[in-house]
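1. Structural data only, the sequence is not supplied:
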C-alpha cells in the first residue's frame with residue numbers, strides 16, 4: 001500500500017465519520033425532514049460518499065466515532081455543517097441542540113465554553129451568514 005493510499009483511506013474515513021455525526025444530529029428528533037434529507041444528500045456528494053456508504057451510515061450512524069479535528073479551522077468547519085443541519089428544516093429542536101453540544105465537545109470544543117459556542121453558531125446560522133463570516137465570528141468566541 002502506498003503512502004497516498006493511506007492518506008486517501010484516512011481522509012475517506014474522516015469524511016464518513018463527519019457525515020455520520022451530522023446524520024446523528026438529523027436523527028436526534030427521530031425524524032428526517034425533506035430539507036434535512038436534501039442537505040444530507042448534498043453533503044454526502046460534497047464529501048465524496050458513495051450511495052452504498054450513504055445508506056450504510058444511515059443504518060449504522062452510531063457506530064461511527066466522532067473524530068476531533070486537530071485544527072481550530074477544521075473544528076469550525078465541522079461545527080458550521082452541524083449547525084446548518086440543526087436549521088435545515090428551519091426548526092431548532094431541543095434534542096438537536098443537545099446532540100450538537102455533545103458532538104461539539106467530541107470535536108474538541110471546551111466543555112466550559114461549549115454552550116456559548118453552540119448558541120453563537122446557531123444564531124449565526126439563523127442569521128444565514130456565509131462560511132467566512134461564521135468562521136470570523138466563531139474565532140471571537142474562543
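-> Nice, thanks for sending it over. Everything numeric here is computed off the predicted structure, so don't read it as measured data.
2. all helices for this structure, in order.
-> 3-27, 34-46, 51-60, 72-86, 94-106, 114-126, 131-141 (DSSP state H).
3. how about these in TSV, adding mean neighbour count?
-> Placement of C-beta: from N, CA and C, glycine included. Formatted as TSV, those follow (neighbours: other Cβ atoms under 10 Å):
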stretch	mean neighbour count
helix 3-27	17
helix 34-46	15
helix 51-60	14
helix 72-86	21
helix 94-106	18
helix 114-126	18
helix 131-141	14
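4. Figure out which of those helices is closest to residue 66.
-> helix 94-106 (3.5 Å; Cβ to Cβ).
5. List the contacts of the closest one.
-> 21, 24-26, 28-29, 66, 68, 79, 82-83, 85-86, 111, 114-115, 117-118, 121-122 (Cβ atoms under 8 Å, 6 or more residues apart in numbering).
6. Let me know the average pLDDT across that helix.
-> Helix 94-106 shows a mean pLDDT of 85.
7. low pLDDT regions in the protein?
-> Applying pLDDT under 70 to the chain flags the ranges 1-11, 89, 91.
8. Tell me how far residue 17 lies from residue 62.
-> Relative to residue 62, residue 17 is positioned 12 Å away (criterion: Cβ to Cβ, to the nearest Å).
9. Over to residue 109?
-> Between residue 109 and residue 62 the computed distance is 21 Å (Cβ to Cβ).
10. who has more neighbours, the two?
-> Per other Cβ atoms under 10 Å, whichever of residue 109 and residue 62 has more neighbours is residue 109, with 25 against 10.
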